[in-house]
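Engineer: Sequence and computational prediction follow.
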Amino acid sequence: MKIHVFDSQYEAGLYAALMAKRTIMEREKPVLGLATGATSIPFYSALVQSCHDGLDFSRVTTVNLDELVGIGADDPRSYRYFMQHRLFSRVNILPENAHVPNGLAIDEAAECARYDRVIDAHTPDLQILGIGGNGHIGFNEPGCALLARTHVIRLHRDTVTANARAFPMLDDYPSRAITVGVTDIFRAARIVLMAFGEKKADIVARAIEDPITTHIPASLLRLHANVTVLLDRASADRLSPSITTGIKLKEGRLTQVEM
Ligand code: F6R
């Protein structure tokens, strides 16, 4: 596991976007596994800029981790909406290549099985992850047991509260989500976990330095062969300095990424 600490979220997002850019340029049919949430915003901004600078998304397939149950693409709370506005409508990806679970599916089991087939056909070369305040990845919430493949989960109350914070005017925030499972996440060739801000410092330190446990799903990532963790100073605050590498922009630019 490589752990890089940046001066700002912007730089960490830029670094993740450079990793995605390299993946897109190196693979014939690149597949990006994507997350939503505040943490991913600098990454998407940098990725959109790469497209404006000439990066071609016409061969790219994306597979999102999760979607809230009961809301659709027109609802600003939905992850499809987030992705549409942050990325899909701003790059030249083909709409049929941008996969997000369907939160409005009547038959949830059938939708999970369908999404498993999507992942089987499009296993990510690079998987982007955020981390919940309780250590969740995707919406694999902490517990005694985690599920391998796509499933519907009842979100922990803290997760609902954290997510709903961005929508103060909206009541009835969805409490269930369709999420890929931990095996799905682990199938990615490379994983990038990002976390920013003081409120993530404790869970980042526990995920990286405490014993590996399903009660902190992100800690399982230490069992994957190729994980890069991108942090800002605040989220890295409680980690032992000896296990982190600092990365700085040179003349306002990041030119190289380590993969
Ligand atoms: C969202 C997802 C979640 C988020 C996590 C962090 O698609 O998979 O695991 O990455 O809840 O969310 P933020 O970035 O909003 O703190």
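Structural biologist: Right, received. Where do you want to start?

Engineer: rest of the way, CA atoms for contacts and neighbours
Structural biologist: Fine.

Engineer: how far away is F6 from the ligand?
Structural biologist: The gap separating F6 from the ligand is 17 Å, by C-alpha to the nearest ligand atom, to the nearest Å.

Engineer: Next, work out how far apart the closest residue to that residue other than its chain neighbours and E11 are.
Structural biologist: Nearest residue to F6, sequence neighbours excluded (C-alpha to C-alpha, 6 or more residues apart in numbering): D232, at 4.8 Å. Plainly put, D232 is 8 Å away from E11 if you go by C-alpha to C-alpha, to the nearest Å.

Engineer: where do the strands sit along the stretch 1-150 of the chain?
Structural biologist: Using DSSP state E, counting those that start in this stretch, the strands of the stretch 1-150 of the chain run over residues 2-6, 31-34, 61-64, 66-68, 98-99, 126-129.

Engineer: would CSV of those strands with mean neighbour count and mean pLDDT be doable?
Structural biologist: Below are those laid out as CSV (neighbours: other C-alpha atoms under 10 Å; pLDDT from 0 to 100):
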stretch, mean neighbour count, mean pLDDT
strand 2-6, 20, 96
strand 31-34, 24, 98
strand 61-64, 24, 98
strand 66-68, 27, 98
strand 98-99, 20, 98
strand 126-129, 26, 98
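
Engineer: if we compare the ones you listed, which one ends up closest to H156?
Structural biologist: With C-alpha to C-alpha as the criterion, H156 lies closest to strand 66-68 of the strands of the stretch 1-150 of the chain, at 13.0 Å.

Engineer: for the residue lying closest to P42 once chain neighbours are set aside, what are its contacts?
Structural biologist: Nearest residue to P42, sequence neighbours excluded (C-alpha to C-alpha, 6+ apart): G13, at 4.7 Å. By C-alpha atoms under 8 Å, 6 or more residues apart in numbering, the residues touching G13 are S40, I41, P42, F43, Y44, A46.

Engineer: between those, which is nearest T62?
Structural biologist: Checking the contacts of G13 against T62 by C-alpha to C-alpha gives Y44 as the nearest, at 12.7 Å.
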